[in-house]
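1. give me the fold of what follows.
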Amino acid sequence: MSDTQTVVLVEGASDKSAIEALAERRGRNLAAEGISLVAMGGATNIGTYIGRFGPPGRNLRLAGLCDVGEEGAFRRGLERAGLGSNLSRSDLEALGFFACVADLEDELIRALGTATVERVVDAEGELSSFRTLQKQPAWRGGTTHDQLRRFMGSGSGRKIRYSGPLVAALDLDRVPRPLDMLLTHLLGSRRARPADPADSGNRPHRR
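-> Residues are numbered from 1 along each chain as shown. Presented below is the predicted three-dimensional model:
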């Protein structure tokens with residue numbers, strides 16, 4: 001991470017995978033922009049990572065993505081690091097931190113629609129497993145949206161496995177707001193790379 005200028009803190013590997021997949025679809029190379037994605041293994045670790053990469057540590061630019069239920073943990077971590085006080089959601093967004101309602105899978109299912117998500121599940125060879133879940137007493141009367149969200153959250157590594165395919169199925173005009181806002185924020189906040197010394201006579205000086 002020696003060339004990193006901005007660190008994006010996310011709760012888990014599925015969030016990291018989704019951001020990477022969306023950036024690729026939009027023609028972005030985050031590593032080349034000096035942006036590193038860090039999966040923290042849970043929102044409660046936010047203080048540790050802000051201490052490592054934020055003002056108390058390497059003093060890099062920070063951004064992040066979380067579930068709405070973990071917004072408080074992110075808020076407290078940022079406030080303890082001296083990045084504001086009594087932060088509102090709009091304050092968090094101004095700092096580059098965005099919340100998914102209720103979580104990333106919920107956002108993606110709403111953006112895609114349940115029929116498209118079922119097609120993705122079918123393409124992954126798991127439609128029969130999903131139908132089995134739908135027949136379970138606890139989920140038989142639920143909406144397809146809630147059933148799909150439960151399905152994504154069950155099974156080892158399923159969230160990670162589906163994050164890429166779900167993003168690949170998105171209409172780029174219907175990207176969930178938190179993902180869209182995060183990538184827009186990163187585009188606006190990236191710093192210019194140093195010019196190649198060999199070209200210094202041909203390029204304007206950038207600070």
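
2. now do the lengthiest strand in the chain: which elements does it pack against?
-> Longest strand in the chain by number of residues (criterion: DSSP state E): strand 61-67. Secondary structure elements in contact with strand 61-67, counted by 3 or more Cβ pairs under 8 Å, 6 or more residues apart in numbering; DSSP states H and E, are strand 6-10, helix 46-53, helix 71-80, strand 97-100, helix 177-189. Glycine gets a C-beta too; all of them are placed from N, C-alpha and C.

3. would you format the ones you listed as TSV with distance to Glu118, mean pLDDT and mean neighbour count included?
-> Rendered in TSV, the data for the helices and strands packed on strand 61-67 read as follows (distance: least, Cβ to Cβ, whole Å; pLDDT from 0 to 100; neighbours: other Cβ atoms under 10 Å):
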stretch	distance to Glu118	mean pLDDT	mean neighbour count
strand 6-10	26	98	24
helix 46-53	34	97	19
helix 71-80	30	97	18
strand 97-100	21	98	24
helix 177-189	21	93	17
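
4. how about the ones you listed in a markdown table, adding distance to Arg26?
-> Shown next, in a markdown table, are these (distance: least, Cβ to Cβ, whole Å):
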| stretch | distance to Arg26 |
| --- | --- |
| strand 6-10 | 15 |
| helix 46-53 | 24 |
| helix 71-80 | 24 |
| strand 97-100 | 16 |
| helix 177-189 | 7 |
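
5. out of the ones you listed, flag the one nearest His145.
-> Of all the helices and strands packed on strand 61-67, it is strand 97-100 that lies closest to His145, at 14.6 Å by Cβ to Cβ.

6. partners of the closest one in the sheet?
-> Sheet pairing here is set by DSSP bridges, and for strand 97-100 it gives strand 61-67 (parallel).

7. show me where this protein has helices.
-> According to DSSP state H, the chain carries its helices in the segments 13-25, 46-53, 71-80, 89-95, 104-112, 114-123, 127-135, 144-153, 158-168, 177-189.

8. export these to a markdown table and tack on distance to Ile35?
-> Conversion of these to a markdown table gives the following (distance: least, Cβ to Cβ, whole Å):
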| stretch | distance to Ile35 |
| --- | --- |
| helix 13-25 | 9 |
| helix 46-53 | 12 |
| helix 71-80 | 18 |
| helix 89-95 | 15 |
| helix 104-112 | 18 |
| helix 114-123 | 27 |
| helix 127-135 | 35 |
| helix 144-153 | 26 |
| helix 158-168 | 17 |
| helix 177-189 | 6 |
